[in-house]
Structures are given as structure tokens and as C-alpha cells.
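Asker: predicted structure and sequence below. I'll ask about it afterward.
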Amino acid sequence: MLRVRGLTVAFGGPPVLENIDLDVKAGQFTSLIGPSGSGKTSILRAVTALLSPQTGTVDLDVPANDVGFLFQDDALLPWRTARQNVALGLRIRGIAPGPAAEKADRWLSLLGLDGFGDRYPRQLSGGQRKRVAIAQVLVLEPRLLLMDEPFASLDAIVRMRITEELLGWVEREHLTVLLVTHDLEEAISASDVVYVLSQGPSATIRARHEVNIARPRHVLGTRRDPMFAPLLERLWEDLS
Amino acid sequence: MKISSVAARRAAALILLIALWESASRLGWLDPFYMPAPSSVARVMMQLFAGGELWTHLGATFAAAFTGLAAGLVLGVGLGFAAALSPVLAELLEPVMVLLNAIPRVILAPLFVIWLGIGLASKVALALVLVSVLMFFAVYNGIREVDQRLVERIRTLGGGRRFLVREVYVPSVTAWVMGNLKVAVGFAFTGAVVGEFVASSRGLGYLLQFAQSTYNAGLTIALIVVIMAFVLLLFALSERLERRLLRWRQT
Ligand SMILES: Nc1ncnc2c1ncn2[C@@H]1O[C@H](COP(=O)(O)OP(=O)(O)OP(=O)(O)O)[C@@H](O)[C@H]1O
Ligand SMILES: [Mg+2]
């Protein structure tokens, strides 16, 4: 689905990322973990062509319109309501306002935001805004979903619930996901493959681990799996 | 509750000030030639309104201010958009606008009278220049400082130029324009009144000029109060419009 080869990124100084190879296979959940400032966001930005790399290639075997990118910050259009924000991608794809609004409402209620459709982003809490941002991407039913620390700003309860929902959804829809996260346990619980990025500058892929825990998974259940604890330890070692 | 008590204190202070002024006048501490009492200013004002003549002058000033405001908004917003989208145009326009912004623009008034005569056109031109320079910078800077994260959102959702303009640029420019609307209203009136002051046969500026040349302090103060009252009324209206258009700002 996604193939990154020899990716090097620099912002006018020494390279931030050097020679990154990364594969995301169709139907798999892949996580990318790494210290703050190592270049995780930059990888996603290179994949979505928001940033042009010094060298290296990014091959996607789906059209750009089938890639959903959930940004690290939840900058919604402040002058559009939650519903309008969610419907935006549908409108861009030429869907009429009526059906687009209906679909947006369905996604809002799926994410527990029933009745919040008419609120402006300033009138929502941080967690609610995040969920609107998630709905804005998921409503387009992307085939490849890129997520940049989507749950960092959420409290533990909401975070657990959304992770669980997302996991179920990904498994049902056979969605391909690349998740950037700080949270090692979250990475293991959700993923088939975990990549570890080394500390920058000139960060590289330090390790690649496969997570052979049976699906369907549940966030809490995976922690009791015999694979979980040893893998967690390995990830800690990779990062230190 | 809090706001209304602030308003009440301000109103009380104003009334107190007027009362002091009135008593000072009655006690003979103020020379009525220079500083007539509030009551005599009020009388002059009543005569102005009752005479009916004031309305034609008010009408003339409003016509000049509003025409200049509307034309200045259109011109300033248009040029601002054009300059932000075309670097070549920006290169040419920016120094002109910076110069126009730096000088006290009312010095153009005599030139407009020579070019356009003492009628409405010269006042409109002055108001237009004042408003359009302000709006040019509001829009030009507004577009350049658009939140790049929002631009990226639209791009990654698949939106092209049309959606960028409609969903990001126009709303952020609207916010800038509305934020400057009150200043623009003030500028439009400055342009109209100063233009009339320089040369005209009608308008509040003309009346002011007449009052000054006859050393009529009462009429001058009355006119100043009238102009202030109307500008404040317009401020209130633009504030309403601002609040309506920028509803999303309220939390
Ligand atoms: N536009 C830019 N210009 C200059 N430097 C940049 C730019 N974007 C990122 N960087 C630098 O590149 C490095 C990697 O940034 P990036 O945002 O990819 O890190 P990250 O791994 O996502 O960090 P975090 O976990 O804190 O989000 C950082 O050192 C950052 O300062
Ligand atoms: Mg990041």
C-alpha cells in the first residue's frame, strides 16, 4: 500500500531524517514510535507530499484522495460548524450539501457527538474537537489512514474508548493504518507491525517488530497476551 | 450585570461632568464666547434640527461618507486580494500603499478639490482613499497570515484553489475586514467632513467651517456633538454586523 525508500529530509541544516525505509502493507495496522522531535510527523508529511524530501521515494498504490491524514493538532476551520467541518471533504468530492450533512451527522453521532453538529470549534472541548477531526477524516472512508498522535490530547477514558472503537472499525473494514504515537502500549495493542525511530538528528529506523497477537483484539485483552510484556520491554530498549 | 454597572458608572460620570460644566457657566467661571453652557449648546442643537436645514447637510455628509466607504471597501479589498495572489502586482502596489499609509492622507484634499470640484466627488474621493488604504492592508496582511495549517487541511482533504479561497481565504479576510470596519467608518466620516471643510457648499464640514469663520463656539460644539452621535450610532451598527458575521468567535 505504502512504500518509503531512502527518505532523507532536511530543513536547510543537517538532515532530520536519514535514509528511512518503511512499508505499510494493505490491510495491516502499522505503528511508528520514536522520541519527540525525531521526525515522525515529517515522515507523514513527506508521504502526503506536504513536504518534499531531499532524496528518496514514496510510492502509494492508492490515489491521493484515498489517503486520510489525521493531523497532530486539531485545527478545524473555526468559522465552520462541526457538521460543516466533517462534511468538508465530501463537499470537495462533489457531494451535494444535503447528503453530505446527513453523512456528517452519522459520523458525529458515531463518535459520541450527537447534537453537537451546530457548534463552532471554539464551543467544543479539546477532546470533542479531536473527535470532530477524526470524523472529518473517517467520513471519507479512506483506504489508507495516517494518524499523527491522534489520542494524545484525550483523557484516559475517552482515549480507551476511541482506540477500542477505531480498532474495531479498522478490523471490520480491513483498513490500512499508519499510526504515529508516543504510547508504546497503544502501539502494541493496535498494530501488526511497529517501527521504532531513533533519536534525531539524522533519525533512522532503528527496529521493526511484528506483533503476532490474534485478532479481533481488545485494548485490555492484548495486555494479558504473553507476547505483550516482552515486546514492550524490547521497545523500551530500542528507545533508550 | 457587570457590564451594565460599568455603563451606569460611565453615564453617571458623564452627567456629573455636564452638570459641573453647566454650573461653572452659570457661576460665570467660563466665558460663554469660548465655552458656552451645555444648555445653550442644546438650544443651538434644537434650532439646528428644528430648522430642517441640518438634514440636507447631514444628507450630504452621509452620502459622501457612505459612497466613499462602499467604494473604498470594494477597491481596498479587491486590490488586497489581487496583491496577495499576484506577486508582480504586490511589488508595484506595496510601495504606493505604504507611502499613502505613511502620509496624513487628508493632505490630498486640496488636490481632489482642484481635480473634482467642490461637489460630492472630491469628498467621496478623500473618504475612498482613507478607507481603501486601510482595507488594502487588512486584506493583504490577512491573506499572507492565513493559518497554514488550515491550508494544509484543505489540501489533504483534496481541495483545490476554489475551496481554499472559499473555505479559508474569504472567511479569514472577512474576519480582518470586520475587525477594521469601525475604523473604516470613522475614516469615511473623516474624509467626508475634512473634504467639506476644505471647500464645499453643503455638509456638516461646511457648517463647521461656517461656524468657525463666524467664531460661533456654540454652533461648533453642537455640530461636533451631532457628528459624534451619528458616528457612535454607526459604530454600534457595525459592531452588530461584526458580531453577526463573526458568530464563530464567541465561546
Ligand atoms: N518546517 C520546519 N522547519 C524547520 N525545522 C523543522 C520543521 N518541521 C520540523 N522541523 C524539525 O524537524 C524535527 C522533526 O520534527 P517532527 O515534527 O517531524 O518531529 P516529531 O517526531 O513529530 O515530534 P513530536 O513527537 O514532538 O511531534 C524537529 O527537530 C523539528 O524541529
Ligand atoms: Mg509530531
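Answerer: Looks like it came in fine. Numbering: from 1, shown residues only, chains lettered A, B, ... in the order given. Ligands and ions are numbered 1, 2, ... in the order given.
Asker: now do the buried residues in the stretch of helix or strand B:Phe137 belongs to.
Answerer: According to DSSP states H and E, B:Phe137 maps onto helix B:120-144. The neighbour-count check on helix B:120-144 (16 or more other C-beta atoms under 10 Å in any protein chain shown) flags B:120-140, B:142-143 as buried. Glycine gets a C-beta too; all of them are placed from N, C-alpha and C.
Asker: cool, stretch B:225-235 as well?
Answerer: Quick answer for stretch B:225-235 (16+ other C-beta under 10 Å): B:226-227, B:230-231, B:234.
Asker: how about the residues of chain A near ligand 1?
Answerer: A:11, A:16, A:34, A:36-42, A:72, A:200 (C-beta under 6 Å from any ligand atom).
Asker: go through these and say which is closest to A:Met147.
Answerer: A:Gln72 (9.1 Å; C-beta to C-beta).
Asker: give me the neighbour count for that closest one.
Answerer: If you count neighbours by other C-beta atoms under 10 Å in any protein chain shown, A:Gln72 ends up with 16.
Asker: assign it to helix, strand or coil.
Answerer: At A:Gln72 the chain is in coil, as set by DSSP: H, G, I helix; E, B strand; the rest coil.
Asker: helices of the stretch 51-200 of chain B, start to end?
Answerer: Along the stretch 51-200 of chain B, the segments classed as helices by DSSP state H, counting those that start in this stretch run B:53-85, B:87-102, B:109-116, B:120-144, B:148-156, B:161-163, B:170-198.
Asker: so for ligand 1, which of those sits nearest?
Answerer: helix B:148-156 (9.8 Å; C-beta to the nearest ligand atom).
Asker: just how off-centre is that closest one within its chain?
Answerer: 35 Å (C-alpha atoms, centre = their mean, to the nearest Å).
Asker: can you tell me what sits against it?
Answerer: A:48, A:50, A:67, A:69, A:71, A:73, A:75-77, A:88, A:92, B:163-164, B:167-168 (C-beta atoms under 8 Å, 6 or more residues apart in numbering or on different chains).
Asker: now do the residue of the stretch 101-250 of chain B found nearest ligand 2, the pLDDT please.
Answerer: Ranking the residues of the stretch 101-250 of chain B by distance to ligand 2 (C-beta to the ion) places B:Arg149 first, at 12.8 Å. At B:Arg149, the model reports a pLDDT of 94.
Asker: ok so, going back, make CSV from the residues of chain A next to ligand 1 and add pLDDT to it.
Answerer: Below are the residues of chain A next to ligand 1 laid out as CSV (pLDDT from 0 to 100):
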residue, pLDDT
A:Phe11, 93
A:Val16, 93
A:Gly34, 92
A:Ser36, 90
A:Gly37, 90
A:Ser38, 92
A:Gly39, 93
A:Lys40, 94
A:Thr41, 94
A:Ser42, 95
A:Gln72, 90
A:Gly200, 74
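Asker: how about the contacts made by residue 19?
Answerer: I'll assume chain A. A:6-8, A:56, A:204.
Asker: could you check how far it is from ligand 2?
Answerer: 20 Å (C-beta to the ion, to the nearest Å).
Asker: next, that residue: phi, psi?
Answerer: phi 50, psi 60 (degrees, to the nearest 10).
Asker: pull up the gap between the residue most central in space within chain B and B:Phe230, please.
Answerer: In chain B, the centroid-proximal residue (C-alpha atoms, centre = their mean) is B:Gly186; its distance is 1.6 Å. From B:Gly186 across to B:Phe230, the span is 11 Å (C-beta to C-beta, to the nearest Å).
Asker: just the buried residues of the contacts of helix B:148-156.
Answerer: Buried among these by 16+ other C-beta under 10 Å: A:48, A:50, A:67, A:69, A:71, A:75-77, A:88, A:92, B:163-164, B:167-168.
Asker: so A:Leu239 is in contact with A:Val196, correct?
Answerer: Yes. Between A:Leu239 and A:Val196 there is a contact under C-beta atoms under 8 Å: 6.4 Å.
Asker: and residue 23, what element?
Answerer: You didn't pick a chain, so chain A it is. Going by DSSP H and E, A:Asp23 is part of strand A:15-24.
Asker: was after chain B, sorry
Answerer: Secondary structure (DSSP H and E) places B:Ser23 in helix B:2-26.
Asker: same deal with A:Leu7?
Answerer: Assigned by DSSP H and E, A:Leu7 falls in strand A:2-10.
Asker: got the contact list for that strand?
Answerer: A:15-24, A:39, A:42-43, A:46-47, A:51, A:53-61, A:144, A:176, A:178.
Asker: that strand pairs with which strands, parallel or anti?
Answerer: strand A:15-24 (antiparallel), strand A:55-60 (antiparallel) (DSSP bridges).
Asker: return the set of buried residues in the first one.
Answerer: Of the residues in strand A:15-24, those scored as buried under the neighbour-count criterion (16+ other C-beta under 10 Å) are A:15-18, A:20, A:22, A:24.
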